[in-house]
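Enquirer: Got a sequence here, can you model it:
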Amino acid sequence: MNNAYIKDISQAGNLTIVRLSGSITFESLSTVQKEYAEATKAKKTQNILFDMKEVYQTDSAGIAGLVDLLRYMKSNHINGKVGLLNLSENMRSLLTISKVGGIFKDYESREEALEELG
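Expert: Purely as a prediction, here's the structure:
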């Protein structure tokens, strides 16, 4: 069962904000990646912020999928930055344990992300 999806995609200057919702697992992220590619194929995106506020579950496979999603984004948005917003403590712990937390910037607020990425 696939229960993760993109709730909304908005643009603020050079920043594309992607609000995710549901359960982030490796299986569900492939659908999210396809949704993102379809929704943004005609747009020029430099930086990306994933808002995780409505993500209620994640696991290590979901983190691996997020890394794959980052690779996909980087391959299509050279020199762009990717940030994460509204991470749960569980997701922060998984990022740290899996030793990939350093490749994602964790923003405390939307304003902070807009200032740095927008």
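
Enquirer: remind me, longest helix of this protein?
Expert: When the chain is parsed with DSSP state H, its longest helix is helix 60-76.

Enquirer: residue ranges for the helices of this protein, please.
Expert: Under the criterion DSSP H, the chain contains helices at 26-40, 60-76, 89-97, 110-117.

Enquirer: middle-most residue in the chain, spatially?
Expert: Most central in the chain under C-alpha atoms, centre = their mean is residue 50, positioned 3.4 Å from the mean C-alpha point.

Enquirer: Next, work out how far apart that one and residue 57 are.
Expert: Per C-beta to C-beta, to the nearest Å, residue 50 is found 15 Å from residue 57. In short, each C-beta sits where N, CA and C put it, glycine included.

Enquirer: what do you get for residue 10?
Expert: Distance, residue 10 to residue 57, by C-beta to C-beta: 24 Å.

Enquirer: These two - which one has more neighbours?
Expert: residue 57 (15 against 11; other C-beta atoms under 10 Å).
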